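>>> prediction below, plus the sequence it came from.
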Amino acid sequence: MINVKLNADLGEGANIEKLIMPFLSSCSIACGGHTGDANSMSEAIQIAVESNVKIGAHPSYPDKDGFGRIPISISNKDLTKSLISQINSLKQILNDFQINLDHIKPHGALYNLSAKNYDLAMLLIEVITQNYDGVYLYVPSGSLIEKLALENNVKTKKEVFLDRNYNDDNSLVSRDNENAIIKSSKLMFDRIENLTKNGFLLSVSGKKINLQADTFCIHGDSPNIVEYLNGLNDLCDGKI
């Protein structure tokens with residue numbers, strides 16, 4: 001049996017939480033860096049609690065104008081301070097619900113750059129080891145930050161994107177390209193099956209990329225994502 005664990009980034013203004021939450025094992029909630037406030041965090045947490053979905057923080061570069069999707073010029077000290085403030089703002093609301101923070105997943109440019117940049121990866125690892133011991137770090141499967149996190153005894157969940165195409169170098173195809181998004185339940189199912197049974201996914205050019213996946217990410221703002229998830233659930237015999 002294929003064990004499918006899906007996660008999604010929520011609280012980002014798409015208002016998809018109620019529709020998408022029943023398919024998820026975990027979610028990462030925006031906590032003020034790229035978007036999100038106390039109300040949006042509380043609403044997303046409430047829906048996650050009702051669906052028994054694990055909850056993580058989704059911090060980013062503090063850049064609402066750019067939605068955290070491009071690197072910004074910021075000192076390590078100020079970035080560290082911002083990340084801790086973002087994560088704690090979600091953690092405080094979780095405390096009101098008497099729920100523990102399950103994981104931390106960087107957003108956007110922070111996530112993509114830390115996959116290959118040593119200094120940024122270590123900054124994120126130090127934020128966790130010094131402030132959030134025992135919390136999982138969601139990392140791109142096969143990335144530099146995955147390797148460094150394991151070396152520093154940080155608990156990780158290796159993540160693969162289910163609705164995004166990959167380049168040959170394991171990076172995501174840019175959203176500027178029309179083939180960036182996977183728009184097929186069958187193609188999503190094929191990716192799960194390839195990774196689960198054979199240990200690889202196919203890049204946009206057809207190259208085999210050897211990866212492992214503890215969790216698959218889907219995006220709530222992907223076109224027709226609820227329709228695709230229903231189709232995927234059927235292909236998985238109702239196991240998601």
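Thanks, I have it.
>>> low-confidence ranges in the protein?
Scanning the chain for pLDDT under 70 picks out 1-2.
>>> where along it do the strands fall?
For the chain, strands defined by DSSP state E occupy the ranges 6-10, 26-30, 54-58, 103-104, 136-140, 156-161, 200-202, 208-210, 215-218.
>>> is it possible to export those to TSV including distance to Leu83?
C-betas here are computed from N, CA, C, even on glycine. Formatted as TSV, the strands of the chain follow (distance: least, Cβ to Cβ, whole Å):
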stretch	distance to Leu83
strand 6-10	16
strand 26-30	13
strand 54-58	9
strand 103-104	9
strand 136-140	12
strand 156-161	17
strand 200-202	29
strand 208-210	29
strand 215-218	20
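>>> quick one: which of these is nearest Phe97?
Nearest to Phe97 among the strands of the chain is strand 54-58; the distance by Cβ to Cβ comes to 8.7 Å.
>>> tell me what that closest one is packed against?
Helices and strands touching strand 54-58, by 3 or more Cβ pairs under 8 Å, 6 or more residues apart in numbering; DSSP states H and E, are strand 26-30, helix 38-50, helix 76-96, strand 103-104.
>>> single out the most deeply packed of those.
Each of the helices and strands packed on strand 54-58 was scored by mean neighbour count; the highest is strand 26-30, a mean of 26, by mean count of other Cβ atoms under 10 Å.
>>> run me through the strand neighbours of it, direction for each.
strand 6-10 (parallel), strand 54-58 (parallel) (DSSP bridges).
>>> leaving out chain neighbours, which residue sits closest to Ser42?
Ile93 (5.6 Å; Cβ to Cβ, 6 or more residues apart in numbering).
>>> of all the helices and strands packed on strand 54-58, which lies closest to Val204?
Among the helices and strands packed on strand 54-58, the nearest to Val204 by Cβ to Cβ is strand 26-30 (24.9 Å).
>>> can I get the closest one as PDB, trimmed to CA atoms?
Coordinates of each C-alpha in strand 26-30 appear next as PDB, following Å, rounded to 0.1, in the frame of the first residue of the first chain:
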ATOM      1  CA  SER A  26       0.200  18.400   7.900                       C
ATOM      2  CA  CYS A  27       0.100  22.100   7.100                       C
ATOM      3  CA  SER A  28       2.500  25.100   7.300                       C
ATOM      4  CA  ILE A  29       0.800  28.400   8.200                       C
ATOM      5  CA  ALA A  30       2.100  31.800   7.100                       C
END
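>>> give me the contacts around that strand.
Outside strand 26-30, the residues within contact range by Cβ atoms under 8 Å, 6 or more residues apart in numbering are 5, 7-12, 21, 36, 40-41, 44-45, 48, 53-58, 60, 90, 102-103, 105, 107, 138, 215.
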